[in-house]
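Enquirer: Structure for this input, please:
(chains A and B)
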Amino acid sequence: KNEVEQSPQNLTAQEGEFITINCSYSVGISALHWLQQHPGGGIVSLFMLSSGKKKHGRLIATINIQEKHSSLHITASHPRDSAVYICAGREGAGSYQLTFGKGTKLSVIP
Amino acid sequence: DGGITQSPKYLFRKEGQNVTLSCEQNLNHDAMYWYRQDPGQGLRLIYYSQIVNDFQKGDIAEGYSVSREKKESFPLTVTSAQKNPTAFYLCASRGFSYNEQFFGPGTRLTVL
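Expert: Okay, here's the model as predicted:
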């Protein structure tokens, strides 16, 4: 059974800090999704990665296939970044099933 | 606007009653999913459907049932057989050959 582990579970940062959330995954996962869940519960997809690095605004996601590890970075963090960030692993070609991590709750304090 | 709607946002039911959660999408997506989210746990797959009139059990299907009579709709029934139904339920959909799932706003079910 595929597994996805996130760390830390909770993270508090001061506004402006650089933030890193980590995700490790098991053999059998070929791509990683990063999702953002706001306090109301709705989930938004941020990135999908199978190799390398992607950037969108202040968000950067990287993946190291050999080490089965992905990171989500937030530069110049802002209170509106406060949310739960979830990584989810997708199985190999032809499968669209996702295995979800437990999430990292981020609080950015002004 | 295209998207996924789930209604209601909050739902309360008495123990022993069946309850149906609504999920509708106008994205013309083929695949639809139901997930359950509990505090401190990752999302878990209840049921999914890749085409109309076909659906598959996920990891925690016991006590739940679904139907897929229309492409746009994938209702989930939480039956009285579900031992611990209080949770946050999320519906998602995915277009054919797309890797990304789009999520609805969720329904928080509380069984009293």
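Enquirer: Without its sequence neighbours, what residue ends up closest to the residue nearest the centre of chain B?
Expert: By CA atoms, centre = their mean, the mean C-alpha position of chain B lies nearest to B:W34, the distance being 3.1 Å. Closest residue in space to B:W34, ignoring its immediate chain neighbours: B:I46 at 4.3 Å, by CB to CB, 6 or more residues apart in numbering or on different chains. All C-beta atoms are positioned from the backbone trio N, CA, C, and that covers glycine.
Enquirer: Correct me if wrong: that neighbour contacts B:Y35.
Expert: Yes. Using CB atoms under 8 Å, B:I46 makes contact with B:Y35 at a distance of 6.5 Å.
Enquirer: Chain neighbours aside, what residue packs nearest to B:R68?
Expert: Excluding the flanking residues, the one nearest B:R68 by CB to CB, 6+ apart is B:S49, at 4.2 Å.
Enquirer: Am I right that that neighbour is in a strand?
Expert: Yes. With DSSP: H, G, I helix; E, B strand; the rest coil as the criterion, B:S49 is part of a strand.
Enquirer: How many residues are close by it?
Expert: 20 (other CB atoms under 10 Å in any protein chain shown).
Enquirer: now swap in A:V108 and tell me
Expert: Neighbours around A:V108, by other CB under 10 Å: 20.
Enquirer: Could you do B:D54 as well?
Expert: With other CB under 10 Å as criterion, B:D54 counts 9.
Enquirer: Dig out what it forms beta bridges with.
Expert: Here B:D54 sits in beta bridges with B:I51, going by DSSP bridges.
Enquirer: That one and B:S67 touch, don't they?
Expert: No. Between B:D54 and B:S67 there is no contact under CB under 8 Å: 10.7 Å.
Enquirer: Show me what from chain A comes close to chain B.
Expert: Counting by CB under 8 Å from any CB of the partner chain, chain A comes close to chain B at A:4, A:31, A:33, A:35, A:40-45, A:48, A:86, A:88, A:90, A:96-103.
Enquirer: As a check, name the ranges of all helices in the chain.
Expert: Going with chain A. For chain A, no helices turn up when DSSP state H is the criterion.
Enquirer: that answer is for a different chain, and I need it for chain B
Expert: In chain B, no segments count as helices under DSSP H.
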